[in-house]
Structures are given as structure tokens and as C-alpha cells.
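Peer 1: Provided below are the primary sequence and the corresponding predicted coordinates.
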Amino acid sequence: EVYNDELYIGGTFQISSGNISNGIVKWNGSGTLQDVGGGITSTFQAQIDDLLVFDNKLFAVGLFDNIGGIPANYIASWDGTNWCGYGTADNPYAYRLASINHELYIATNQEWDNDTVNNIAKSIGTPVADTCGNLSVGINEATTNDMSFIIYPNPVTDQITIEFALTDTKQTVLEIKNVLGQTL
């Protein structure tokens, strides 16, 4: 697929096989292939099955649950700088994209986002991103090196575990915020 005057190529190729990225690369017409935002990863064999330019973004579908370090369940978009993930972990595998009359169609199984779709899902306009590379999730960096923490699972749905250890005894405040910056 051509996006912003560059050729984007998706597939099952991997860095471990000598490629420059996992699943997606781009070429500007001269020189060598380039990585696209960190490529894809998955708990199964990662692959991109289809690419489509829609609403000034490059959409990708296939077998992946992470793209460019961003959670993405079988569908994501690239704006030239950042990846955005869509859908839920319950979504079935999406394998083809099409658009007509500013509507995006996704070839999938018989259900999408818990709706029966009979193998084709339709989104009117641009889907709403669940995660994007440029979103703040409300975690501020520690100003000193006297605290470390682990947060899991990532992404979280209804329960989160936060483990931390302090090197000094002191009062500690923990705030959890949503992507809008609201304290939960």
C-alpha cells in the first residue's frame, strides 16, 4: 500500500530471519527498506495480512496483539509517526480491509466487538483508538532513583497489580489516572 509517497509492505517476515523489522516495512523508492514504528509482535506467529489507507491513516490488520509497543488486537493505524491500536482482546482475527463512501469494512469472523457481523464488520468514519503511541497514561517518572515499581498486566481491564519497594522509609502517595488525566 502507498502512504505518504512511500510503499508499505506487510507480511510474516521477522527480524530473527534477517529482516529489519517484524511484519511491516516501508520503502521510499530509493535506498533500503525501513522499519515502521517498531513492527509487530504477538503471542502467536505475527503477521500483517492487509494494509489500507483510510481517513489519512494507514490501517493494518492481521495476527498481532502489539504494534510498535502499543497494544493492538488485530487492527491498528499509523499516522506517519505513531501507531494506534483498536478493538478489544475479545475481537476475532481480522484479515482484510476495504472502504467505500467513507466507511471502513473489516473482514473477520462472525463477531466483532461482541456484535454479530456475519464475517464483515463496518465502521462509520474512523474507529476510536483504544491506545496510541502518543497518549499519556498518567504515570509520571520518579524524580529520584530511590523507587522502582512493576505494574501488570498491561494493558489492564479490571484489576491491576502494582509492586514497589522504597529504599527509604517515607510517606508515599499513589494516584491512578485514566487516559484523560482524571484521577480514578
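Peer 2: It's in.
Peer 1: ok but Cys84 is inside a strand, no?
Peer 2: Yes: under DSSP: H, G, I helix; E, B strand; the rest coil, Cys84 sits within a strand.
Peer 1: mind listing the residues bridging to it?
Peer 2: In this entry, Cys84 is beta-bridged to Ser77, Cys132, by DSSP bridges.
Peer 1: where does it land on pLDDT?
Peer 2: With respect to pLDDT, Cys84 has a value of 88.
Peer 1: can you check Trp78 too?
Peer 2: 93.
Peer 1: same deal with Met147?
Peer 2: We note a pLDDT of 53 for Met147 in this prediction.
Peer 1: distance check, the closest residue to Tyr93 other than its chain neighbours against Ile48.
Peer 2: Excluding the flanking residues, the one nearest Tyr93 by CB to CB, 6 or more residues apart in numbering is Tyr74, at 5.6 Å. In short, each C-beta sits where N, CA and C put it, glycine included. As judged by CB to CB, to the nearest Å, Tyr74 and Ile48 stand 10 Å apart.
Peer 1: quickly list what's touching both of these two.
Peer 2: Residues touching both Tyr74 and Ile48 (CB atoms under 8 Å, 6 or more residues apart in numbering) are Val61, Gly62, Phe64.
Peer 1: which of those ranks first by neighbour count?
Peer 2: Across these, the neighbour count under other CB atoms under 10 Å reaches its highest value at Phe64, namely 29 neighbours.
Peer 1: and stretch 47-60, what's buried?
Peer 2: Of the residues in stretch 47-60, those scored as buried under the neighbour-count criterion (16 or more other CB atoms under 10 Å) are Gln47, Ile48, Asp49, Asp50, Leu51, Leu52, Val53, Phe54, Lys57, Leu58, Phe59, Ala60.
Peer 1: just confirm the third one contacts Tyr74, I think it does.
Peer 2: Okay, so that is Asp49. No: using CB atoms under 8 Å, Asp49 is not in contact with Tyr74, being 9.2 Å away.
Peer 1: common neighbours of those two, please.
Peer 2: Overlap between the contact sets of Asp49 and Tyr74, as judged by CB under 8 Å, 6+ apart, is given by Val61, Gly62, Leu63, Ala94.
Peer 1: got a markdown table for these, with distance to Leu104, pLDDT and secondary structure too?
Peer 2: Written out in a markdown table, the entries for the shared contacts of Asp49 and Tyr74 read as follows (distance: CB to CB, whole Å; pLDDT from 0 to 100; DSSP: H, G, I helix; E, B strand; the rest coil):
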| residue | distance to Leu104 | pLDDT | secondary structure |
| --- | --- | --- | --- |
| Val61 | 10 | 88 | strand |
| Gly62 | 16 | 87 | strand |
| Leu63 | 19 | 86 | strand |
| Ala94 | 11 | 75 | coil |
